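Student: give me coordinates for this.
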Amino acid sequence: MFVGALELDILLGDVHSLKQKRSVVRPVLAEVRKRFAVSVAEAGHTDLHRRTLIGVAVVAEGGEHVRDVLDSCERYVASRPEFELLSARRRLLGPDD
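Tutor: Coordinates of the predicted model:
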């Protein structure tokens with residue numbers, strides 16, 4: 001079993017309130033969850049209206065599949081015009097860890 005985690009630090013575009021931030025972030029989280037069958041949540045910067053930290057987690061039998069899924073999630077989020085991806089960090093745990 002392999003477990004992968006991805007943290008995406010994101011700067012939001014034209015957002016002026018936490019309510020507006022939620023209206024931008026929530027649909028993207030739902031789409032990532034649906035499209036890639038992963039667990040995803042806003043995991044940081046919850047009190048800032050122009051920043052967010054999105055956490056993605058996936059479990060699979062093979063490490064290569066975990067990497068592919070995390071790569072796809074990162075590309076999808078980075079392609080969103082309302083987001084500027086500041087950094088991406090990932091971790092992979094396998095049976096030997």
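Student: give me the neighbour count for the spatially closest residue to residue 3 that is not a sequence neighbour.
Tutor: Nearest residue to residue 3, sequence neighbours excluded (CB to CB, 6 or more residues apart in numbering): residue 93, at 4.6 Å. C-beta: built from backbone N, CA, C; applies to glycine. Residue 93: 14 surrounding residues under other CB atoms under 10 Å.
Student: ok, the residue nearest to the spatial centre of the chain to residue 14 distance?
Tutor: Residue closest to the average C-alpha location in the chain (CA atoms, centre = their mean): residue 54, at 4.1 Å. The gap separating residue 54 from residue 14 is 19 Å, by CB to CB, to the nearest Å.
Student: so who does the residue nearest to residue 3 touch?
Tutor: By CB atoms under 8 Å, 6 or more residues apart in numbering, residue 93 lies in contact with 2-4.
Student: what is the nearest of those residues to residue 48?
Tutor: Closest approach between those and residue 48, by CB to CB: residue 4, at 26.1 Å.
Student: pretty sure the closest one sits against residue 71.
Tutor: No - when contacts are counted by CB atoms under 8 Å, residue 4 is not listed as touching residue 71 (10.0 Å).
Student: can you pull out the helices in this protein?
Tutor: With helices called from DSSP state H, the chain shows them at 18-36, 63-79.
Student: mean confidence (pLDDT) on the last one, please.
Tutor: Confidence over helix 63-79, taken as the mean pLDDT, stands at 96.
Student: what's the answer for stretch 41-49, then?
Tutor: Stretch 41-49 shows a mean pLDDT of 91.
Student: ends of that stretch, how far apart?
Tutor: Using CA to CA, to the nearest Å, one end of stretch 41-49 lies 16 Å from the other.
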